[in-house]
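Q: Sequence first, then the predicted structure:
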Number of protein chains: 2
Amino acid sequence: MEPAPVRVGVLGCGNVGAALLILINEQHAAVARRTGLALEVGAVAVRDPGRDRNVPVDPGLFTDDPASVVANPEIDVVVEVMGGIDPAHRLVVEALERGKPVVTANKELLASHGSELYALAEGAGVDLLFEAAVAGAIPIMRLLRESLAGEPITRVMGIVNGTTNFILSRMAEEAMPYGEALAEAQRLGYAEADPTADVEGIDAAAKAAIMASLAFGVRVTADDVYREGISSITSEDIEFAGRLDHCIKLLAIAERRDAGDGSNIGVRVHPAMVPLDHPLASVRDSFNAVFVEGEAVGELMFYGRGAGGRPTASAVLGDLVNAAGNLRRSHGARIGDLQPAVVTPIEELESAYYLEVEVDDRPGVLSRVAAVFGDHDVSIRSMEQEGLGVEARLIFITHTARERDLRATLEGLDGLDAVRSVGSMLRVVGD
Amino acid sequence: MEPAPVRVGVLGCGNVGAALLILINEQHAAVARRTGLALEVGAVAVRDPGRDRNVPVDPGLFTDDPASVVANPEIDVVVEVMGGIDPAHRLVVEALERGKPVVTANKELLASHGSELYALAEGAGVDLLFEAAVAGAIPIMRLLRESLAGEPITRVMGIVNGTTNFILSRMAEEAMPYGEALAEAQRLGYAEADPTADVEGIDAAAKAAIMASLAFGVRVTADDVYREGISSITSEDIEFAGRLDHCIKLLAIAERRDAGDGSNIGVRVHPAMVPLDHPLASVRDSFNAVFVEGEAVGELMFYGRGAGGRPTASAVLGDLVNAAGNLRRSHGARIGDLQPAVVTPIEELESAYYLEVEVDDRPGVLSRVAAVFGDHDVSIRSMEQEGLGVEARLIFITHTARERDLRATLEGLDGLDAVRSVGSMLRVVGD
């Protein structure tokens, strides 16, 4: 049987777009054999069509007018890999309204306008697929949308930012200070000159919003996500974590807060202490992983490359093949109606906590410190004391406590005469 | 919108079937909300319909005639969780011929008759889904079929048998001999009274055949799979592996042998030494994991529960929801035409090897031993010698060599006077 041609319009030709054009060319025959679809690149929208890009595409297909690609009746499927909100938002809306399936890798767009776009795609009966937007090559979107369609998911925890995982891995394995590890990440191209979006958890928060939406079927935007980055993590934090058989990871966590329809959720991004025998602890360097907990399925973890042109392009191509296949059968994958979310504020969430406190080393101090925990209903699971001359360092791990109570404990400790400083506070996850 | 009813016929009500009926009942509302489908159990075929099974199903729906369930025009989708080849094979064929989508967890059936059944489903334009047949709750089938549809996969390596992974974990972590670890697995219900299918790799070989078929689009049956089990692994093997910073895992490996259409493959199940920093090394107890390597995607790993009623039922329910959704849109997921496979025999495959040899401890022996390696083109990567009185133990790790050459080396060593015994040989994977 002659493979059915599917004409693809690509918006953007950066790192991912160029890798996609190469991959489509390499995999053309294999895709045709396995799916009966002949993918043909019909147009590529770029800023400067004259530039030589070293991709296997007829130079005549480049254009600087992305709207013309979307409007072109010859184009069957639109791939958006330009990034940013504008004009990507307008172009994706336009494509969906014209009944064209869209594949995008744009996490910002989905984290801010996802709910509108999912509904638009559903109304038009076409696919909006975005595997590459979260955790790069890891097919977590399809898992949440399809494989776990019948699963009562309780929690999704991800290492979804490769830059910060690289920095934390270097700090732990080479005993490198934060600044030096960041500089190495920048030298190797893992971190941008301005690393804010990565190290402050902004990138991870966008991905957390998308994961929460799909895992629980609710409308969540990046603004709903509580967020702390890794820039205040010190070498000492890493060292103490290691002594307690833990490591420190930046986690994006979405969790169900009720047994009901899943609309009451918590969603947050922050560094966390993770036990060394937890599967997430073995995720090193710039790798990503997503850990899913469900009532029936138990624990699942998905691990892979979170970024990079070719891995991301592979995820885009997987979506493209599926969107093209669905197009020929004239239906789209559906996400279902997203419910409004009730996002529980961080103060009401529970966790175990790690606390480091420096105190005067004299009799009676520990009892006064412990009393502050008790006053705020925070129960201590373990304590280690280390003498430092006239002062002592106390390391506490608490049982599960409410964030609000923990914060009150911190304030109470700060007010004690014998407390010289309250150092790091880290949430302990996965014990 | 009123959810569309989908009537499900379930064949078998053992561990997985019972868990599925409970899960359908629990998740009914959530599935309806998210997918618009109302799953209704229409019939359950069992051996003894009179037995009380403590599942939330009207007792009147039980029947001892599975053929009547398949033939019933009221039944839209058939779930086969009875296991075995007969009568499962006949029933699945009958259902597909009647145009009914089938969800099955039956690895034996697929490893022997998969190719016929995939073609039948494709011809009928309905789904044949079998996520639960390989690696239980891990959605590896969907990943290979859909997410990686455009990916040039080079290798798939799985820990796909929980029983053997439990035994090997106990041997390593508690320094338990094989027999004792097996007995514990039996006591805990992880191993059957007759553990042959697990410990000799028969179960894993069936799964390897299914994974190879989907990863490379070729026809592979369980008989094509080279197979060694774990019953000859000793505590000493585990200890030496540990000293070399490796662990021992039973791996199911399917790999592409050419850059062409993927029809030339290797497929095998055997114990392997895996470096401790490889993601597969952290897969402990009865957990499963599948590691996928692709040219574009890089390395991916999927980790989760490989067995157990509820985790497996979750995978079946995910398939059921997807099959039901596709039914209403009247099309089925496709696998594509499987090519005939050229399965390379184990003798022609390459690996690094671990070898333990006991020799007389006198001058000149090492050089004669080393000469045997050289004579057969096997290059030594590292050697450790340990004195044991009048004899010495030599531990070799080779560079990548052909299995045929390695076997000739073993024979050559066996023929040397100074060699008292050639002990364990293990393939080293993932270095």
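A: Good, I have the coordinates. Numbering: from 1, shown residues only, chains lettered A, B, ... in the order given.

Q: list the contacts for the nearest residue to A:Asp258 once chain neighbours are set aside?
A: Take A:Asp258 and drop its neighbours on the chain: the residue closest to it by Cβ to Cβ, 6 or more residues apart in numbering or on different chains is A:Asn264, 4.4 Å away. To be clear about C-beta, it is placed using only N, CA and C from the backbone, and glycine gets the same treatment. Counting by Cβ atoms under 8 Å, 6 or more residues apart in numbering or on different chains, A:Asn264 makes contact with A:256-258, A:341-342, A:344.

Q: can we see that at 6 Å?
A: By Cβ atoms under 6 Å, 6 or more residues apart in numbering or on different chains, the residues touching A:Asn264 are A:257-258, A:342.

Q: distance of it from chain B?
A: 14 Å (Cβ to the nearest Cβ, to the nearest Å).

Q: what's the spacing between that residue and A:Val297?
A: 21 Å (Cβ to Cβ, to the nearest Å).

Q: Could you count how many residues lie near the nearest residue to A:His246 once chain neighbours are set aside?
A: Distance criterion Cβ to Cβ, 6+ apart; nearest residue to A:His246, sequence neighbours excluded, is A:Met273 at 4.2 Å. The burial count assigned to A:Met273 is 25, neighbours taken as other Cβ atoms under 10 Å in any protein chain shown.

Q: Can you name the element that comes right after the helix or strand hosting A:Met273?
A: For A:Met273, the host element (DSSP states H and E) is strand A:264-275. Under the assignment DSSP H and E, the closest C-terminal helix or strand after strand A:264-275 is strand A:287-294.

Q: Tell me the buried residues in that next one?
A: A:287-294 (16 or more other Cβ atoms under 10 Å in any protein chain shown).

Q: beta partners of A:Leu251?
A: Note on A:Leu251: beta-bridge partners by DSSP bridges are A:His270.

Q: I'd guessed it sits against A:Met157; true?
A: Yes - if you go by Cβ atoms under 6 Å, A:Leu251 and A:Met157 touch, sitting 5.3 Å apart.

Q: thinking again about what came up before, the strand holding A:Met273: how far from the chain's middle?
A: Centre-to-centre, strand A:264-275 and its host chain are 12 Å apart (Cα atoms, centre = their mean, to the nearest Å).

Q: again with stretch A:410-429
A: 30 Å.

Q: What's the end-to-end length of it?
A: Taking Cα to Cα, to the nearest Å, the first and last residues of stretch A:410-429 lie 19 Å apart.

Q: Let me see the contact set for the residue of the stretch 251-400 of chain A found nearest chain B.
A: Relative to chain B, the nearest point of the stretch 251-400 of chain A is A:Leu317 (3.4 Å; Cβ to the nearest Cβ). By Cβ under 6 Å, 6+ apart, the residues touching A:Leu317 are A:23, B:150.

Q: Ok, A:Glu131 next?
A: Counting by Cβ under 6 Å, 6+ apart, A:Glu131 touches A:139, A:141, A:315, A:319.

Q: Chain neighbours aside, what residue packs nearest to it?
A: In space, A:Glu131 is closest to A:Ala315, 4.3 Å off (Cβ to Cβ, 6+ apart).

Q: For that neighbour, give me the backbone phi and psi.
A: Per-residue torsions, A:Ala315: phi -70, psi -40 (degrees, to the nearest 10).

Q: with the contacts of A:Asn264 in mind, which one is nearest to B:Glu74?
A: For the contacts of A:Asn264, the minimum distance to B:Glu74 (Cβ to Cβ) is 36.2 Å, reached by A:Asp258.

Q: Check the secondary structure at that closest one for me.
A: With DSSP: H, G, I helix; E, B strand; the rest coil as the basis, the three-state label of A:Asp258 is coil.

Q: if I look at it, how far off is B:Asp258?
A: From A:Asp258 across to B:Asp258, the span is 54 Å (Cβ to Cβ).

Q: returning to that earlier point: the residue nearest to A:Asp258 bridge partners, please.
A: A:Val342.

Q: gap between it and A:Arg227?
A: To A:Arg227, A:Asn264 is 20 Å away according to Cβ to Cβ.

Q: same question, A:Val269
A: A:Val269 is 5 Å from A:Arg227, by Cβ to Cβ.

Q: what is in contact with these two at once?
A: Taking Cβ under 6 Å, 6+ apart as the contact rule, A:Val269 and A:Arg227 both touch A:201, A:205.

Q: Quick check on these two: which one has the bigger neighbour count.
A: Taking other Cβ under 10 Å, A:Val269 and A:Arg227 do not tie; A:Val269 has more neighbours (30 against 18).

Q: after the host helix or strand of A:Glu184 comes which helix or strand?
A: Here A:Glu184, judged by DSSP H and E, is contained in helix A:178-187. Note on helix A:178-187: by DSSP H and E, the next helix or strand toward the C-terminus is helix A:196-199.

Q: that older thread, any idea of the pLDDT on the residue nearest to A:His246?
A: The per-residue pLDDT reported for A:Met273 equals 94.

Q: thinking again about what came up before, for the helix holding A:Glu184, report the contacting residues that lie outside it.
A: In contact with helix A:178-187 (Cβ under 6 Å, 6+ apart) are residues A:163, A:166-167, A:170-171, A:191.

Q: Give the helix, strand or coil label for the residue sitting furthest away from the middle of chain A.
A: When distances are taken from the C-alpha mean of chain A, A:Pro363 lies farthest, 46.8 Å away, according to Cα atoms, centre = their mean. Look at A:Pro363: counting by three-state DSSP, its state is coil.

Q: Can you give me every residue that contacts it?
A: Counted by Cβ under 6 Å, 6+ apart, A:Pro363 has zero contacts.

Q: Quick check: the gap between it and B:Ala205.
A: From A:Pro363 across to B:Ala205, the span is 68 Å (Cβ to Cβ).

Q: and what of A:Gly12?
A: 45 Å.

Q: can you list the residues of chain A near chain B?
A: Taking Cβ under 6 Å from any Cβ of the partner chain as the measure of proximity, chain A contacts chain B at A:23, A:27, A:31, A:34, A:137, A:139, A:142-143, A:146-147, A:149-151, A:217, A:279, A:282, A:296-298, A:300-305, A:310-311, A:314, A:317-318, A:321-322, A:329, A:331, A:336.

Q: Which of these fall in helices?
A: The helices, defined by DSSP state H, take in A:23, A:27, A:31, A:34, A:142, A:310-311, A:314, A:317-318, A:321-322 from the residues of chain A next to chain B.
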